[in-house]
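Peer 1: Let me see the structure of the following:
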Amino acid sequence: MDKEHIHEHDNPEEAVKAMENEAIEALASDAEVEKPELDSIDALAAQLVDHVDVPDVSDIKPEDAVEEVAEVVAEEASATEETVEETVEESSEPVEEAAEETASEVEETAAEVVSAVEPEVSGDSAFTEETEAAEEDSKEEESSSEEETEDEEADETEEDNAEEEDEDDEGAAGKSVTKKADKHKEKDKEESAKERSLLYTIFDTVRYIAIGLLVGILLVVFVIQRNDVYGSSMEPTLHSGDAVFVEMISVYTGNFSRGDIVTIDAKGMEGYSHEENLIKRIVGLPGETIKIEDGNVYINGVLLDESEYLPAGTKTYVGAEGQARGYQEVTLGPDEYYCMGDNRGGSNDSRRMGPFKKKQIEAKVLMRIYPFNKMKFY
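Peer 2: Numbers count the residues shown, from 1 in each chain. The predicted structure is shown next:
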């Protein structure tokens, strides 16, 4: 059997099977030529082929594969020898000789197969070593490439750090500029805020002054006023030169009572020639009948008690002019008030000019504010 023919196969297993097939075919052809009468030998050879199992060496190391193949071939050869011996003994001596020759040829074939497989295995070992060497070289190359990559990354990192430092420097410069701009903006804001605050202060001051003036005007015109007393018609309650506060709310509400001190606009009335308002006390209310007789005042026929504001023994009389006009006894209309001064002997009032209309009443005296030692509410 030619070793060059065996080396044409790349796989050792296929080479072994091919050599076995060639050995079996050669044995069969030799048996047919030399001993054509031994059909049982052919059957035995076929069984030998079926029983020769070559192990799968794909998962086995090359060193172990040679030993296993040799052991399997030896075992199969031994079993074949025993089978052949038994067959020969049963058949005949020629069969025994053929069996012995077949066994020897099988052994030779097995030896050739083993010898042929060893170079292949050694070649596989060399291939494995070369593969391992190549892997080591590739690992070294990878490690070197990794080192180069790390060096490049380090260089890039340094460059990036340098760029970042530059950017930081630029950013610091930009931040400083930004801070200065922010400071200027803040200063501008503060100055504008101060200006606005000053303007607001001025505006608020003007507004409050205007509001105060408006409120004062409204108070003076519609709520409360300061009046001065002229003459002695209200003595001893008020004296000439006294200052009083008067309120106009009662004028709008019509809330007047007997005993209230009021200011009256008497201009144009018969018997009054002054421009100043009168200041008198309400004695008779609308709808009442007022009668003055024997120095006393009667309201609807009932004597009026004026001891609260008149000195004891004060008498009330109507002059000849008033009697001529019928003012010593009068029934008041729905909006008429009978008013007299507390100084009954020296007061020009309803006893001479007649009842006063509600619309003539300007205000009601609230309190005396001057002299300060005589401040008093009424």
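
Peer 1: switch to C-alpha atoms for all contacts and neighbour counts from now on
Peer 2: Will do.

Peer 1: The lengthiest strand in the chain: which residues count as buried?
Peer 2: Looking across the chain with DSSP state E, the single longest strand is strand 361-370. Of all the residues in strand 361-370, those buried under the rule 16 or more other Cα atoms under 10 Å are 361-369.

Peer 1: ok, and what's touching that strand?
Peer 2: If you take Cα atoms under 8 Å, 6 or more residues apart in numbering as the criterion, strand 361-370 is touched by 242-251, 260-265, 374-378.

Peer 1: in its sheet, what does the next helix or strand along the chain from it sit against?
Peer 2: For strand 361-370, the following helix or strand on the C-terminal side (DSSP states H and E) is strand 376-377. Under the criterion DSSP bridges, strand 376-377 sits next to strand 361-370 (antiparallel) in its sheet.

Peer 1: what's across from Thr289 in the sheet?
Peer 2: Under the criterion used (DSSP bridges), Thr289 bridges to Thr331.

Peer 1: wait, doesn't it sit right on Asn300?
Peer 2: Yes. Counting by Cα atoms under 8 Å, Thr289 does reach Asn300; the two are 5.0 Å apart.

Peer 1: the more surrounded of those two?
Peer 2: Thr289 (18 against 14; other Cα atoms under 10 Å).

Peer 1: check contacts around the more buried one.
Peer 2: Contacts of Thr289 (Cα under 8 Å, 6+ apart): 299-301, 329-332.

Peer 1: could you redo the last one with a cut-off of 6 Å?
Peer 2: Going by Cα atoms under 6 Å, 6 or more residues apart in numbering, Thr289 touches 299-300, 330-331.

Peer 1: Tell me if Gly212 really is in a helix.
Peer 2: Yes. Counting by DSSP: H, G, I helix; E, B strand; the rest coil, Gly212 is found in a helix.

Peer 1: burial of it, as a residue count?
Peer 2: By other Cα under 10 Å, the residues close to Gly212 number 12.

Peer 1: Make 5 the first number, not 1, from now on.
Peer 2: I'll keep to 5 as the first residue from here, and by that count the last item is Gly216.

Peer 1: so where do the helices sit in the stretch 255-382 of the chain?
Peer 2: Assigned helices in the stretch 255-382 of the chain, in chain order: 324-329, 354-357 (criterion: DSSP state H, counting those that start in this stretch).

Peer 1: what about the first one, average pLDDT?
Peer 2: Read it as helix 324-329. Rounded to a whole number, the mean pLDDT of helix 324-329 is 92.

Peer 1: May I see the buried residues of it?
Peer 2: With the criterion 16+ other Cα under 10 Å, helix 324-329 contains buried residues Gly326.

Peer 1: What's the PyMOL line that selects buried ones from the contacts of Thr293?
Peer 2: Selection of buried members from the contacts of Thr293 for PyMOL, criterion 16+ other Cα under 10 Å:
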select buried, resi 303+334+335
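
Peer 1: Same list (the contacts of Thr293) but as TSV, adding distance to Tyr313 and pLDDT.
Peer 2: Shown next, in TSV, are these (distance: Cα to Cα, whole Å; pLDDT from 0 to 100):
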residue	distance to Tyr313	pLDDT
Ile303	17	97
Asn304	21	97
Val334	23	96
Thr335	24	96
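
Peer 1: Relative to Glu280, which of the contacts of Thr293 is nearest.
Peer 2: Among the contacts of Thr293, Val334 lies closest to Glu280 (Cα to Cα), at 26.2 Å.

Peer 1: how close does the closest one get to Glu194?
Peer 2: Distance, Val334 to Glu194, using Cα to Cα, to the nearest Å: 78 Å.

Peer 1: pretty sure Ile286 is touching Glu340, no?
Peer 2: No. Contact criterion Cα atoms under 6 Å: Ile286 and Glu340 do not qualify, at 10.4 Å.

Peer 1: if I look at these two, which residues touch both of them?
Peer 2: Common contacts of Ile286 and Glu340, defined by Cα under 6 Å, 6+ apart, are absent altogether.

Peer 1: Buried ones in stretch 336-352, by neighbour count?
Peer 2: By 16+ other Cα under 10 Å, the buried positions in stretch 336-352 come out as 336, 340-348, 351-352.

Peer 1: farthest-separated two in those?
Peer 2: The widest separation within the buried residues of stretch 336-352 (Cα to Cα) is 22.5 Å, between Leu336 and Asn347.
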